[in-house]
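K.L.:
The sequence isn't on hand, but the structure is:
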């Protein structure tokens, strides 16, 4: 028996990203992207084929319809739409997304499209350094304008940038070849500033082209618990959340940063180069909603040693030290363990600070999996993970927080940024290995059928 606990119209969904599922890296006029290299380690799958969504898109949409999702949080590959530094659109790339979006709408599924999910066009990195240059802002806005105009009326919700925390700090995404750790950190803050300017200009652009559409950023939500109840550890946790999350979102949403963030950047010599008129751009627009990616919480304690900038992510350097949480046990692929309540804690903080409607855009459990003799995957651990986190979403709604949707990560197994297909998140199993893509056949896991029931009943089983 199921109680209908979620509001009518709640957007049940699933997520992917273009570079992790599409493949077809050299087809349809697509240009190279920084993410096409994949993990860059022998024996680990790259993104050139990925889950081969480029050739399985119709089958995938049919599976989405069978699953019953109301929204598909997907991504456009920038270099498929704008493959070079000319600024001209690629008709073949637009045509690919035309057929995908039209079929989604035909099957009653809303496309929630991410403009930028780590895939930086290599042509722009080679031409002027990518996000390190202000030139990138104009190219991003041009790309956004093409998308907003071409898909007007069909795409009602857009995401500006996915997880700026990783977008601007991972050299494999940005193409930044700087070897000095401190300079690389400085570059990350400058790139972050350029991303924020690009986001606000894109929001203004959408308001002109399609005022009925909505747009917002997706945050890699950072819930940082103090290692102990000592005030020094509490302050360290506050500093960690401020510089790993709030600093980024403050620019994307408010157009300004906190006094502490300003102090830290100026103290360390990381404050970005600012030009006249930037402030007006940053405060002229405000997003319509906030997308939230959450997998686990973090923990921090007082920093007693000098700051190190030679670790990933670079954002972890600051007036805090990240550490293991003694209250949470790690899993095979999730070193920080599982903390469902952290989802509710973090989303309450986000709403209190930004007062925006929220949608969970990523939440999922990574496992090592293979098909059994009956071509099934019995992923009870994933079902338990999703159920517990959905329970916290239910509590948020009961408490009055405006959460309008939930997208599981991920619809299908996809090419992990570092572990290829050894690490799997999907409701659908993709039959391939690291070195043999085979036919990339799709198989429904137990979690597929569980989530199908949740969506059908609009609530969790009792």
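P.N.:
Looks like it came in fine. All values reported here derive from a predicted model rather than from experimental measurement.
K.L.:
Just say helix, strand or coil for residue 396.
P.N.:
Following DSSP: H, G, I helix; E, B strand; the rest coil, residue 396 is assigned to helix.
K.L.:
Next, find the distance separating it from residue 456.
P.N.:
22 Å (CB to CB, to the nearest Å). (C-beta placed from N, C-alpha, C; glycine too.)
K.L.:
Looking at the two, which is more packed in?
P.N.:
Neighbour count, other CB atoms under 10 Å: between residue 396 and residue 456, residue 396 has more, with 19 against 12.
K.L.:
Check what pLDDT the more buried one gets.
P.N.:
Note for residue 396: predicted pLDDT of 98.
K.L.:
can you pull the contacts of it?
P.N.:
By CB atoms under 8 Å, 6 or more residues apart in numbering, the contact list for residue 396 reads 344, 347-348, 403.
K.L.:
now the helices for the stretch 251-400 of the chain?
P.N.:
259-268, 278-284, 340-354, 380-399 (DSSP state H, counting those that start in this stretch).
K.L.:
contact partners of the first one?
P.N.:
Right, helix 259-268. The contact list for helix 259-268, computed with CB under 8 Å, 6+ apart, reads 189, 239, 242-243, 246-247, 250, 257, 270-272, 307, 318-319.
K.L.:
what mean pLDDT does it have?
P.N.:
Helix 259-268 comes out at a mean pLDDT of 97.
K.L.:
Repeat that for the shortest one.
P.N.:
Confidence over helix 278-284, taken as the mean pLDDT, stands at 98.
K.L.:
Identify all contacting residues around it.
P.N.:
196-197, 200-201, 204, 251, 254-256.
K.L.:
ranges for the strands of the stretch 301-450 of the chain?
P.N.:
321-322, 358-362, 403-409, 428-431, 441-444 (DSSP state E, counting those that start in this stretch).
K.L.:
so the second one versus helix 340-354, what angle?
P.N.:
What it means is strand 358-362. Angle, strand 358-362 to helix 340-354, by axes from the mean of the first three to the mean of the last three CA atoms, to 10 degrees: 130 degrees.
K.L.:
Give the partner strands of strand 358-362 in its sheet and their orientations.
P.N.:
strand 290-293 (parallel), strand 403-409 (parallel) (DSSP bridges).
K.L.:
same question, the shortest one
P.N.:
Strand 321-322 has the following sheet partners, assigned by DSSP bridges: strand 298-301 (antiparallel).
K.L.:
contacting residues for residue 302?
P.N.:
230, 232-233, 235-236, 320-321.
K.L.:
Just the pLDDT at it, thanks.
P.N.:
Looking at residue 302, its pLDDT stands at 97.
K.L.:
And it, how close does it get to residue 265?
P.N.:
21 Å.
K.L.:
same deal with residue 312?
P.N.:
Residue 312 sits at a distance of 20 Å from residue 265 (criterion: CB to CB).
K.L.:
Could you export the strands paired with strand 358-362 as JSON lines, including mean neighbour count and distance to residue 209?
P.N.:
Converted to JSON lines, these look like this (neighbours: other CB atoms under 10 Å; distance: least, CB to CB, whole Å):
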{"stretch": "strand 290-293", "mean neighbour count": "24", "distance to residue 209": "21"}
{"stretch": "strand 403-409", "mean neighbour count": "24", "distance to residue 209": "23"}
